[in-house]
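*Asks:* Just the structure for this:
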Amino acid sequence: MQLRPDQLAAHLAQLDKPLAPLYLVHGDEPLLVIEAGDAIRAAARKQGFEEREVIIVGTSFKWDELFLASGNMSLFGGSKLVDLRIPSGKPGREGSEALQRYVSTLGPGIVTLITLPELDWQARKVAWVTALSNAGVVIECNAPPAARLPQWIAERMARQKQSAPRAALEFIAAHVEGNLLAAHQEIQKLGLLHPPGEISLAQVEAAVMNVARYDVSDLRDALKARDTVRATRTLEGLKAEDAAPPLVLWALATEARNALARPALLHAAKIDRIIKGLARGDIWDEFLQLALRLTQPRTR
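*Replies:* Coordinates of the predicted model:
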């Protein structure tokens, strides 16, 4: 079974049904991974899993420890949660074989929570990931796309009985983009500063700090969408974070090639000469001018 993070609470709330024997949590967003793991652990406690054994896979890890953990029932005679964490996401050949064997031993009294980093499309097809996925529930914890971030913020605010107009939600999103943990903290701060109800744009502007983080993939997304405002904001963020100019140029030049924009490619070549010290100019101003050129509406 595949679940989104926002579907997990409803799944765990079904107290008339036992927990799945195995939960696999993975993704690129630490906040959502932490929250999913916490929710599963809390549900396990409610259903009588009184003992939890945490196992972290490191360089000297012996996979026999996993089987020993699942074989030893709770010291208190109840059920047990095995909390297995694989920070690298790569268990190796021995681990791959062990995990495939492990799923065949799952039985009553043991629930296993396995936490991994983000799994790309290739990793999801390997035998051990397939075996784990077929044995239980998979929760993919990736950050919402930029276009959905205002709605995500609105849903989080609703949990603390607050709301905000669209302009305020977009303001928050612009200032926390790429940093979901910071978004969570800013929303909590609004809950402390203001009572339940609607919060105005002015109140949001006064409270929210600029904690956005950017990378070149954000710039490429903005260019593809021809979103001038977001491209400009992303370039400002990359400049503030001392992003490597060759990487920024690569993103811009790639989109210029994809758009078959010959004048833009000539502009990219000019910037390349500036970066190499072969021509004069302000690199970041040139980046901005090229981004503006690439985000202009297409003409027939």
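
*Asks:* Could I get the full set of strands for this protein?
*Replies:* 2-3, 22-27, 49-56, 79-85, 110-117, 137-140, 162-163, 197-198 (DSSP state E).

*Asks:* Sketch out the low-pLDDT regions of this structure for me.
*Replies:* For the chain, the stretches flagged by pLDDT under 70 are 15, 72-78, 210-212, 298-300.

*Asks:* From start to finish, how long is stretch 140-157 in a straight line?
*Replies:* The first and final residues of stretch 140-157 sit 22 Å from each other (C-alpha to C-alpha, to the nearest Å).

*Asks:* and what of stretch 196-204?
*Replies:* Termini of stretch 196-204 sit 14 Å apart (C-alpha to C-alpha).

*Asks:* For it, buried residues please.
*Replies:* 199, 201, 204 (16 or more other C-beta atoms under 10 Å). Just so you know, the C-beta spots here come from the backbone N, C-alpha and C atoms, and that holds for glycine as well.

*Asks:* Just the ones of those residues in helices?
*Replies:* Per DSSP state H, helices hold the following members of the buried residues of stretch 196-204: 201, 204.

*Asks:* circling back: in TSV: the strands of the chain, plus distance to residue 131.
*Replies:* Below are the strands of the chain laid out as TSV (distance: least, C-beta to C-beta, whole Å):
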stretch	distance to residue 131
strand 2-3	15
strand 22-27	10
strand 49-56	18
strand 79-85	14
strand 110-117	11
strand 137-140	12
strand 162-163	43
strand 197-198	49
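
*Asks:* between the buried residues of stretch 196-204, which is nearest residue 289?
*Replies:* Proximity of those to residue 289 was ranked by C-beta to C-beta; the top entry is residue 201 with 31.1 Å.

*Asks:* from the buried residues of stretch 196-204, which is closest to residue 149?
*Replies:* residue 204 (14.2 Å).

*Asks:* quick one: the helices in the stretch 51-200 of the chain?
*Replies:* Ranges of helices within the stretch 51-200 of the chain are 64-71, 92-103, 127-135, 149-159, 166-176, 180-193, based on DSSP state H, counting those that start in this stretch.

*Asks:* For the ones you listed, give me CSV that also has mean neighbour count and distance to residue 295.
*Replies:* Output for the helices of the stretch 51-200 of the chain, formatted as CSV (neighbours: other C-beta atoms under 10 Å; distance: least, C-beta to C-beta, whole Å):
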stretch, mean neighbour count, distance to residue 295
helix 64-71, 15, 51
helix 92-103, 16, 45
helix 127-135, 17, 38
helix 149-159, 17, 20
helix 166-176, 19, 16
helix 180-193, 17, 25
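
*Asks:* Which one, of these, ends up nearest to residue 296?
*Replies:* Of all these, helix 166-176 sits nearest to residue 296, with 21.5 Å by C-beta to C-beta.

*Asks:* domain ranges for the protein?
*Replies:* 2-140, 146-207, 216-294 (automatic domain parsing).
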